[in-house]
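> Starting from these lines, generate the structure:
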Amino acid sequence: MSHLDWLPMTEAAPHRLALVLCPGFSNLALPLVSEPLFIANWLAGRPLFTWRSFSVDGLAVTTSAGAALAVDAPLGPEDVAETVLVLASFDTHRAAADARLRAWLRRMARTGAILGGIETGSEVLAAAGLLDGRRVAVHWYNVEGFRERFPQTLAEPRRMVIDGRFASSAGATATIDLMLELIRLHAGQATSEEVARHLLVSPGKLGPAEPPSPARIADPLVGRALALIAERLSEPRDIAALTRDLGVSSRQLQRRFAASLGKSIGAVWRERQFARAHQLVQQTELALTEIAIAVGFGSLEAFSRAYRRRFGTPPSRDRAQSTGTSVFGPPDVRGMDE
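Next up is the predicted model:
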């Protein structure tokens with residue numbers, strides 16, 4: 001982790017933050033940003049930090065949970081802040097395409113402000129051209145789509161990253177990590193640690209934030225099989241070839257899958273392909289034909305039929321990650337048959 005060029009606090013100068021709320025931002029994100037700042041002020045007995053909330057037009061912003069949240073002000077040409085945090089979650093493409101927001105962020109960058117992306121807020125910063133050549137923390141589910149849209153950035157599936165004057169959190173509880181680091185850099189290690197103690201968290205969780213991997217499967221044979229399946233998602237399911245390459249019989253491998261995962265090889269393989277398909281449909285701008293090939297379907301028609309059966313909507317209508325599009329989850333979680 002590289003360090004920000006942030007200066008320690010002085011008693012006469014609270015550090016000012018501008019919190020830019022984008023439509024569909026996570027209802028959880030705002031308290032995760034503001035509460036550590038409040039606790040730091042409370043512990044110090046004085047305002048170490050001040051913050052205001054903004055929307056592009058000053059109107060209330062609807063959160064991912066559907067609540068309309070009032071803001072303090074619209075974005076303006078005279079706004080001043082030492083740190084700008086962009087909070088976004090669903091429907092980020094709309095905010096990233098807003099020319100007024102992009103221009104305002106570029107102006108704030110020219111003033112020397114620190115710029116941070118909370119969850120998919122980093123997409124807005126990247127769309128404004130502010131993260132070129134920078135390391136960016138991106139949620140593991142979004143990282144591939146982020147890399148496809150912004151190849152000039154260095155997206156990583158980590159909890160949070162600080163690169164120069166640019167900071168990013170992958171979302172959820174990782175935002176606390178980012179805020180604790182901001183507090184440390186501005187108010188000192190002792191204050192950051194005391195805030196963490198009050199929040200009942202441990203600071204410094206800077207490692208990868210990736211989904212469970214095949215290596216975590218208790219049965220090593222099943223783990224190796226899952227690794228091979230991951231490499232072959234673009235190929236038609238061929239269980240005979242899989243068992244041959246593993247040096248075991250199909251019956252033996254099926255028994256091990258049933259014991260470890262409670263599912264057949266085919267069902268697991270199919271779900272891995274659907275997971276990959278859903279991610280590519282919602283997180284990238286790849287053509288649907290390319291996605292169909294990438295997940296082992298011989299034609300777009302076959303892929304579209306299978307996708308619609310699995311997610312209840314054709315892929316052509318599922319191309320944005322929003323609260324109105326389909327959600328991927330294993331069949332046993334979403335109450336669906338395999």
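> Buried residues in stretch 91-106, which are they?
Going by neighbour count (16 or more other C-beta atoms under 10 Å), the buried part of stretch 91-106 is Asp91, Thr92, His93, Arg94, Ala95, Ala96, Asp98, Leu101, Arg102, Trp104, Leu105. All C-beta spots, glycine's among them, are computed from the backbone N, C-alpha and C.
> I'd like to know which elements the helix or strand harbouring the fifth one is packed against.
Using DSSP states H and E, Ala95 sits in helix 92-96. In terms of contact count using 3 or more C-beta pairs under 8 Å, 6 or more residues apart in numbering; DSSP states H and E, helix 92-96 is assigned the packing partners helix 121-127.
> Can you list the strands that the next helix or strand along the chain from the helix it packs on pairs with?
Downstream of helix 121-127, the first helix or strand assigned by DSSP H and E is strand 135-137. In the sheet, strand 135-137 lines up against strand 154-156 (parallel) (DSSP bridges).
> For Ser34, which non-adjacent residue is closest in space?
Leaving aside its sequence neighbours, Ser34 sits nearest to Trp51 (C-beta to C-beta, 6 or more residues apart in numbering; 6.4 Å).
> rewinding a little: tell me how far the helix holding Ala95 lies from the chain's centre.
Centroid separation for helix 92-96 versus its chain: 14 Å, with C-alpha atoms, centre = their mean, to the nearest Å.
> likewise stretch 54-65?
That offset, for stretch 54-65, works out to 20 Å (C-alpha atoms, centre = their mean).
> circling back to that earlier point, show residues contacting the host helix or strand of the residue nearest to Ser34.
Element membership of Trp51 [criterion: DSSP H and E] is strand 49-55. With contact meaning C-beta atoms under 8 Å, 6 or more residues apart in numbering, strand 49-55 is reached by 14-21, 30, 33-34, 37, 40-41, 61, 69, 71-75, 79, 81, 183, 186-187.
> Alpha carbons of it, as PDB, please.
Taking Å, rounded to 0.1, in the frame of the first residue of the first chain, the C-alpha atoms of strand 49-55 are listed here in PDB:
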ATOM      1  CA  PHE A  49     -13.600  16.200  10.600                       C
ATOM      2  CA  THR A  50     -16.500  17.900   9.100                       C
ATOM      3  CA  TRP A  51     -18.600  16.600   6.200                       C
ATOM      4  CA  ARG A  52     -21.400  17.500   3.900                       C
ATOM      5  CA  SER A  53     -23.500  15.400   1.500                       C
ATOM      6  CA  PHE A  54     -24.000  16.300  -2.100                       C
ATOM      7  CA  SER A  55     -26.000  15.200  -5.100                       C
END
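> And the average pLDDT for it is what?
What strand 49-55 shows for mean pLDDT is 98.
> got it, and stretch 94-112?
Mean predicted confidence for stretch 94-112 is 96.
> was I right about Lys125 contacting Leu115?
If you look again at residue 125, you'll see it is Leu, not Lys. Yes: counting by C-beta atoms under 8 Å, Leu115 is a contact partner of Leu125 at 5.8 Å.
> Touching both of those two, which residues are there?
Joint contacts of Leu125 and Leu115 (C-beta under 8 Å, 6+ apart) are Val86, Leu105, Phe166.
> and the strand holding Trp51, which strands flank it?
Partners of strand 49-55 in its sheet, by DSSP bridges: strand 15-21 (parallel), strand 73-74 (parallel).
> Where does the prediction get shaky in the protein?
Within the chain, the segments meeting pLDDT under 70 span 1-12, 203-216, 323, 329-338.
> Report the contact partners of the most centrally placed residue in it.
Taking C-alpha atoms, centre = their mean as the criterion, His139 is the residue nearest the geometric centre of the chain, at 2.8 Å. For His139, the contacting residues are Glu119, Thr120, Pro157, Ala170, Gly171, Ala209, by C-beta under 8 Å, 6+ apart.
> Out of those, which end up buried?
Buried among those by 16+ other C-beta under 10 Å: Glu119, Thr120, Pro157, Ala170, Gly171, Ala209.
> just checking, the second one touches Ser89?
Yes: with contacts counted by C-beta under 8 Å, Thr120 reaches Ser89, the gap being 5.7 Å.
> Residues that sit against both of those two, list them.
Counting by C-beta under 8 Å, 6+ apart, the residues touching both Thr120 and Ser89 are Gly171.
> Need phi/psi at the residue located most distally from the centre of the chain.
Within the chain, the residue lying farthest from the chain centre (C-alpha atoms, centre = their mean) is Ser249, at 39.9 Å. Here is the backbone geometry of Ser249 (degrees, to the nearest 10): phi -80, psi 160.
> How about the secondary structure of the residue lying closest to it once chain neighbours are set aside?
Closest residue to Ser249 apart from its sequence neighbours, by C-beta to C-beta, 6+ apart: Thr243 at 6.3 Å. What DSSP: H, G, I helix; E, B strand; the rest coil gives for Thr243 is helix.
> Pull the contacting residues for Thr243.
Ser249, Ser250, Gln252, Leu253.
> Can you give me the separation between the second one and Leu199?
Relative to Leu199, Ser250 is positioned 51 Å away (criterion: C-beta to C-beta, to the nearest Å).
> out of those two, which sits in the busier spot?
Taking other C-beta atoms under 10 Å, Ser250 and Leu199 do not tie; Leu199 has more neighbours (17 against 14).
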